[in-house]
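K.L.:
Coordinates for the following, if possible.
(one chain, ligands or ions: 2)
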Amino acid sequence: MDEGKMDENEWGYHGEGNKSLVVAHAQRCVVLRFLKFPPNRKKASEEIFQHLQNIVDFSKNVMKEFLGENYVHCGEVVQLPLDFVKQLCLKIQSERPESRCDKDLDTLSGYALCLPNLARLQTYRFVEHRPILCVEIKPKCGFIPFSGDVTHEVKHKVCRYCMHQHLKVATGKWKQISKYCPLDLYSGNKQRMHFALKSLLQEAQNNLKIFKNGELIYGCKDARSPVADWSELAHHLKPFFFPSNGLAGGPHCTGAVIRELVRVITRVLLSDSEKGRAGALRLGPGPQGPRVCEASPFGRSLRHQGKSAPECSGLPKGCLLYKTLQVQMLDLLDIEGLYPLYRRVERYLEEFPEERKTLQIDGPYDEAFYQKLLDLSTEDDGTVAFALTKVQQYRVAMTAKDCSVMIALSPCLQDASSEQRPVVTSSRSRFAFSVSVLDLDLKPYESIPHQYKLDGKIVNFYSKTVHAKDAAVVSARFKESEDCTLVLHKV
Ligand SMILES: O=P(O)(O)O[C@@H]1[C@@H](OP(=O)(O)O)[C@H](OP(=O)(O)O)[C@H](O)[C@H](OP(=O)(O)O)[C@H]1OP(=O)(O)O
Ligand SMILES: Nc1ncnc2c1ncn2[C@@H]1O[C@H](COP(=O)(O)OP(=O)(O)OP(=O)(O)O)[C@@H](O)[C@H]1O
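P.N.:
Ligands and ions are numbered 1, 2, ... in the order given. You can find the predicted model right below:
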């Protein structure tokens, strides 16, 4: 990229989250990722540069090691002309969802991250002329805490995502509770994964987006977004899954197309681009934590049928979900066990503030930082060193609990031997595909007290509003489990 000759007209709004905004180049397979800040929160350019460089270093030295070379794209920090950034900011403003406009794009430093456009198939530098479908999933935390420090019994039965749903709906963030449960997606069991993906398609919230040729065609911008329209989605997807036949329209066609999508995404998620390499962590889901969340309609359905979930995770060891789950499990103590250790580090820093640098709280995220993360002991010897290791592991785990998976699919010819990338088949098509992970920014040390408070809030709210009215829920549960069984038979 020639940073000297930047033209805002060649870039278009692509998406944003809470902390960054992304624009995509119209011809080339690259995006620029800018940081966002609340208005009037000015940061020195040098600080922004360092923040972005830390993101690159963390991806390179930590996440690439944990998740594997093929899935992680680190990008690089670029310096852009300020005039270009200002014009770009004006150009895209009208496309930003209202709910994200509480923060402004950083137009003062001129720094951004330049990354491959993961909504396109990787390795091609230029936008391909083949159609491309991209599914982005933010799977969230895929396990139930097994730590002995957990004090709320419900946390051993119901996962964080399912509990949090109730608070989110009560506070108006989303309109209705999703049937999606991360434990179903991470189960490795095809039927459960189909159910999870279908649930995401029913209630996408910020956990699912679908792009066609780089344009968002499905996904919720905020609670005000219109209700998901499957027939419109099927209309977009039909040429991908039923390219040359005259599959009639209507509900039958919609169902068939959605089923194909769900099956293909499941196959891709179970694919193993790292040839079975499990990565640096050996935590293993182990026998400790339950495999099914009590709040998941799938789990409830299993219970009603008197069945239990299989003992072992069905995820292949080289697949991205397996590796992501392993990193998430670096949260060995749960926030309840971690918070006192954070307080120990805090007390130490209050006494020796100059030690913050030596402890690598704000980086550098280098090889030494990575090596310390590999110490999985939970024997507290009362030292600051022990507390610090657990705090850093927790931050990394939280990052993996909030990252997204991007799956890009492009139809390929029947004889795909010339393809350099893996191929997945559906009943009528073949797709070359790539899987990547994005949003690997290490969670800040400062967010730990917030996590602690939020955890209590989520659990208390869930216990009060949901768990307490068991009697009323039982009949509804029974009905839902019947619905769920029907859906499962169809997939
Ligand atoms: O705490 P959670 O689980 O609600 O996750 C936050 C996300 O909310 P979600 O539940 O996915 O809708 C939240 O996503 P949204 O802004 O709600 O789309 C952010 O990803 C936030 O991360 P950060 O503070 O921007 O680094 C996330 O915060 P972290 O907890 O990952 O720091
Ligand atoms: N390399 C990329 N290629 C294509 N699209 C991308 C890329 N990076 C980010 N995006 C898009 O931009 C959106 C916002 O990016 P990202 O999730 O990194 O934002 P964030 O503000 O850090 O998120 P969060 O709200 O989780 O803190 C993503 O959901 C994705 O759709």
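K.L.:
Surely Leu118 forms part of a strand?
P.N.:
No. Counting by DSSP: H, G, I helix; E, B strand; the rest coil, Leu118 is not found in a strand; it is coil.
K.L.:
Was I right to think it contacts Met406?
P.N.:
Yes. If you go by Cβ atoms under 8 Å, Leu118 and Met406 touch, sitting 4.2 Å apart. C-beta: built from backbone N, CA, C; applies to glycine.
K.L.:
Could you check how many residues crowd around the residue in the stretch 1-150 of the chain positioned nearest to ligand 1?
P.N.:
Closest approach of the stretch 1-150 of the chain to ligand 1 (Cβ to the nearest ligand atom) occurs at Asn18, with a separation of 3.3 Å. When neighbours are counted by other Cβ atoms under 10 Å, Asn18 registers 11.
K.L.:
got the contact list for it?
P.N.:
Applying Cβ atoms under 8 Å, 6 or more residues apart in numbering to Asn18 gives the contacts Lys36, Arg100, Lys103.
K.L.:
could I get these as CSV with distance to ligand 1?
P.N.:
Output for the contacts of Asn18, formatted as CSV (distance: Cβ to the nearest ligand atom, whole Å):
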residue, distance to ligand 1
Lys36, 9
Arg100, 8
Lys103, 10
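K.L.:
Please tabulate those residues in a markdown table, including the columns secondary structure, neighbour count and pLDDT.
P.N.:
Shown next, in a markdown table, are the contacts of Asn18 (DSSP: H, G, I helix; E, B strand; the rest coil; neighbours: other Cβ atoms under 10 Å; pLDDT from 0 to 100):
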| residue | secondary structure | neighbour count | pLDDT |
| --- | --- | --- | --- |
| Lys36 | strand | 19 | 96 |
| Arg100 | helix | 15 | 95 |
| Lys103 | coil | 19 | 96 |
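K.L.:
out of those, who's nearest ligand 2?
P.N.:
Nearest member of the contacts of Asn18 to ligand 2, counting by Cβ to the nearest ligand atom, is Lys36, at 6.8 Å.
K.L.:
Can you tell me the closest non-neighbouring residue to the closest one?
P.N.:
Lys103 (4.0 Å; Cβ to Cβ, 6 or more residues apart in numbering).
K.L.:
That neighbour against Phe34, yeah?
P.N.:
No. Using Cβ under 8 Å, Lys103 makes no contact with Phe34, being 10.7 Å away.
K.L.:
How many neighbouring residues does Leu269 have?
P.N.:
Leu269, neighbours per other Cβ under 10 Å, totals 25.
K.L.:
Quick one: residues contacting it.
P.N.:
Leu269 neighbours (Cβ under 8 Å, 6+ apart): Leu185, Met193, Cys319, Leu320, Leu321, Val405, Ile407, Val435.
K.L.:
Quick check: the closest residue to ligand 2 within the chain vs Gln202, distance?
P.N.:
Using Cβ to the nearest ligand atom, the single residue of the chain nearest to ligand 2 is Gly17, 2.2 Å away. Going from Gly17 to Gln202 by Cβ to Cβ, to the nearest Å gives 22 Å.
K.L.:
where's the residue lying farthest from the centre of the chain relative to Leu338, distance?
P.N.:
Note on the chain: the largest C-alpha distance from the chain mean falls to Glu351, namely 37.3 Å (Cα atoms, centre = their mean). Per Cβ to Cβ, Glu351 is found 21 Å from Leu338.
K.L.:
And Phe146, by the same measure?
P.N.:
Look at Phe146 and Leu338: by Cβ to Cβ, they are 14 Å apart.
K.L.:
Ala408 now?
P.N.:
Computed as Cβ to Cβ, the Ala408 to Leu338 distance reads 36 Å.
K.L.:
and the stretch 101-250 of the chain, which residues reach ligand 1?
P.N.:
By Cβ under 6 Å from any ligand atom, the residues of the stretch 101-250 of the chain that approach ligand 1 are Asn206.
K.L.:
And the stretch 301-450 of the chain, by the same measure?
P.N.:
Within the stretch 301-450 of the chain, the positions adjacent to ligand 1 are Met398, Asp402, Lys443, Ser447 by Cβ under 6 Å from any ligand atom.
K.L.:
quick one: which of the residues you listed sit in helices?
P.N.:
Among these, the ones falling in helices (DSSP state H) are Met398.
K.L.:
Residue of the stretch 251-400 of the chain closest to ligand 1, please.
P.N.:
At 5.4 Å from ligand 1, Met398 is the closest residue in the stretch 251-400 of the chain, using Cβ to the nearest ligand atom.
K.L.:
Quick check, that residue in contact with Asp441.
P.N.:
No. Met398 is not in contact with Asp441 according to Cβ under 8 Å; the separation is 10.5 Å.
K.L.:
Next, show the common contact partners of those two.
P.N.:
Counting by Cβ under 8 Å, 6+ apart, nothing touches both Met398 and Asp441.
K.L.:
hmm, back to that, quick check, pLDDT for the residue of the stretch 251-400 of the chain closest to ligand 1.
P.N.:
Listed pLDDT for Met398 reads 98.
K.L.:
what about Ala119, neighbour count?
P.N.:
Around Ala119 there are 29 residues (other Cβ under 10 Å).
K.L.:
and Asn70, how many neighbours does it have?
P.N.:
17.
K.L.:
Next: Arg259.
P.N.:
Other residues lying near Arg259 total 17 when counted by other Cβ under 10 Å.
K.L.:
Now do the SS call for it.
P.N.:
helix.
K.L.:
From Ser271, how far out is it?
P.N.:
Distance, Arg259 to Ser271, using Cβ to Cβ: 19 Å.
K.L.:
picking up where we left off before, phi first, then psi, for the residue nearest to Lys36.
P.N.:
Phi and psi for Lys103, reported as degrees, to the nearest 10, are phi -130, psi 150.
K.L.:
How much space separates it from Cys74?
P.N.:
Taking Cβ to Cβ, one finds Lys103 at 24 Å from Cys74.
K.L.:
Give me the pLDDT value at Lys42.
P.N.:
So Lys42 comes in at 80 (pLDDT).
K.L.:
Find the nearest non-adjacent residue to it, please.
P.N.:
Spatial nearest neighbour of Lys42, chain neighbours left out: Leu108 (6.8 Å); criterion: Cβ to Cβ, 6+ apart.
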